[in-house]
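Enquirer: any chance you can model this:
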Amino acid sequence: MRLGILCVGRLKAGPERELYARYAARVAAMRNLGLAGLDLLEIDESRARNPAERMAQEGDSLLAALPAGARLVVFDERGKPASSVDFAAMVESERDKGVKSLWFAIGGSEGLAPAVRDKAGAVFSFGRMTLPHQIVRILVAEQIYRATTILSGHPYHRA
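Expert: Predicted structure coming up:
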């Protein structure tokens, strides 16, 4: 199963990009799990002045960029808080169902459009606090890596 992160905005060069790249490389290095790599698709932030219009445009762009046939999981403050073990179990379940591609979406500064949340098979939250999407991208990459270590029995996750 191919893994990917779909997000609004682009990371500039610097520590955030480096940390994301470190986790993406770790995910790609995991073998024998039936999981392949960690792709990244970045879409441009909308220039609309109205927040609702900006969210809707970004939502349309996210859905248009989602690879055909991919299963979608989103991160949103209204989502379900889950443990890392629960998150790993969801990844494992999707893989075992024969899902070919699992993508994780992160919205922009206005959040995710309802259409994106409605298309998602799961909606997770890192809590009710508002976090910058650049930081959420790193958290998602780390949790995907952590899920791979849980599934492989690697000692990175200490439950």
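Enquirer: Lys80: neighbour count?
Expert: Close neighbours of Lys80, defined as other CB atoms under 10 Å, add up to 10. C-beta here means a position set from N, CA and C on the backbone, and glycine is covered the same way.
Enquirer: helices of this structure, start to end?
Expert: For the chain, helices defined by DSSP state H occupy the ranges 15-29, 51-65, 84-96, 114-119, 133-152.
Enquirer: quick one: contacts for Ile138?
Expert: Residues counted as contacts of Ile138 (CB atoms under 8 Å, 6 or more residues apart in numbering) are 16, 19-20, 23.
Enquirer: now with 6 Å?
Expert: In this structure, Ile138 makes contact with 19-20, judged by CB atoms under 6 Å, 6 or more residues apart in numbering.
Enquirer: what lies in contact with the longest strand along the chain?
Expert: Longest among the strand segments of the chain by residue count, using DSSP state E, is strand 71-81. Contacting residues not belonging to strand 71-81 are listed as 94, 99, 102-106, 112, 117, 119-125, 128, 136 [CB under 6 Å, 6+ apart].
Enquirer: next, the contact list for Leu102, please.
Expert: Residues touching Leu102, when contacts are defined by CB under 6 Å, 6+ apart, comprise 1, 3, 71, 94.
Enquirer: can you rerun that using 8 Å?
Expert: Listed by CB under 8 Å, 6+ apart, the contact set of Leu102 reads 1-4, 70-71, 73, 91, 94-95.
Enquirer: of these, just the buried ones, PyMOL syntax please.
Expert: Only the buried entries of those go into this PyMOL selection, using 16 or more other CB atoms under 10 Å:
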select buried, resi 1+3+4+70+71+73+91+94+95
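Enquirer: who's in contact with the residue nearest the centre of the chain?
Expert: The structure's the chain has its C-alpha centroid closest to Phe104; by CA atoms, centre = their mean the separation is 2.9 Å. If a contact means CB under 8 Å, 6+ apart, then Phe104 has 3-6, 72-75, 140, 144 as its contacts.
Enquirer: for stretch 65-73, what is the average pLDDT?
Expert: When the per-residue pLDDT values of stretch 65-73 are averaged, the result is 96.
Enquirer: actually stretch 102-111, not the one I wrote
Expert: Taken as a whole, stretch 102-111 has a mean pLDDT of 94.
Enquirer: many thanks, have a good one.
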